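Q: below are the sequence and a predicted model for it; my questions follow.
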Amino acid sequence: MGTLDRAELEAMIEKATVDAYGEDEQRIGLFTMLEEYLDLPFTTTVLGVEVTVCGIDLRPDGRIVALCSRGRVQQSIGILDLPLPSPAPEGAEWIEAYRHWAG
C-alpha cells in the first residue's frame, strides 16, 4: 500500500464522511466504504500463517476488524493491524484511507 498521496487520501475521507457529525459517524462512513469496495474474501499472512479474510465488522467499541479464518479457527484482527498481501485486493485503498484518518 502507500500508493496514494495525502490529497487523494483526504479526498476519499471527505467522500466517506461528508454527512458525518463527530468521530463515531465518520468511522461508520469509512466502514461503509470498506464494506462496499473491499473485495472479499482474500488471503493474507498473519504471524506466518495464511488466513482468509472473509469479512469486516464494526464492533460496539468502535473498532473495525477483519474477520479471518483458517479452517475452523476464526479470529478478528483490527483492520489497522492487518497485513495486506501483495498485490493488495481491490478496494484496499479504503484501508489506507482509514489508516490515514485514524492517524
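A: Looks like it came in fine. Predicted model, so just to flag it, every value in this text is computed and none were measured. Numbers count the residues shown, from 1 in each chain.
Q: can you list the buried residues in stretch 24-40?
A: The neighbour-count check on stretch 24-40 (16 or more other Cβ atoms under 10 Å) flags 26-31, 33-35, 38, 40 as buried. The C-beta positions use only the backbone N, C-alpha and C, and glycine is treated the same way.
Q: next one: stretch 95-103
A: So stretch 95-103, judged by 16+ other Cβ under 10 Å, has buried residues 95-98, 101.
Q: run through who's touching stretch 50-66.
A: 24, 27-28, 30-31, 34-35, 38, 40-45, 67-70, 75-80, 82, 98 (Cβ atoms under 8 Å, 6 or more residues apart in numbering).
Q: and with 6 Å instead?
A: 27, 31, 34, 41-43, 67-70, 76-79, 82 (Cβ atoms under 6 Å, 6 or more residues apart in numbering).
Q: can you tell me which of these is closest to residue 9?
A: residue 34 (14.1 Å; Cβ to Cβ).
Q: report the contact partners of the closest residue to that closest one other than its chain neighbours.
A: Leaving aside its sequence neighbours, residue 34 sits nearest to residue 94 (Cβ to Cβ, 6 or more residues apart in numbering; 4.9 Å). By Cβ under 6 Å, 6+ apart, the contact list for residue 94 reads 33-34, 37.
Q: quick revisit: pull out the buried residues from the contacts of stretch 50-66.
A: Of the contacts of stretch 50-66, these count as buried by 16+ other Cβ under 10 Å: 27, 31, 34, 42, 67-68, 77, 79, 82.
Q: residue 19 belongs to a strand?
A: No - according to DSSP: H, G, I helix; E, B strand; the rest coil, residue 19 belongs to no strand; its state is coil.
Q: from residue 29, how far out is it?
A: 8 Å (Cβ to Cβ, to the nearest Å).
Q: cool, and residue 101?
A: Taking Cβ to Cβ, one finds residue 101 at 10 Å from residue 29.
Q: how many neighbours does the closest residue to residue 42 other than its chain neighbours have?
A: Nearest residue to residue 42, sequence neighbours excluded (Cβ to Cβ, 6+ apart): residue 89, at 4.1 Å. The tally of other residues near residue 89 (other Cβ atoms under 10 Å) stands at 17.
Q: same question for residue 88.
A: For residue 88, the count of nearby residues is 17 (other Cβ under 10 Å).
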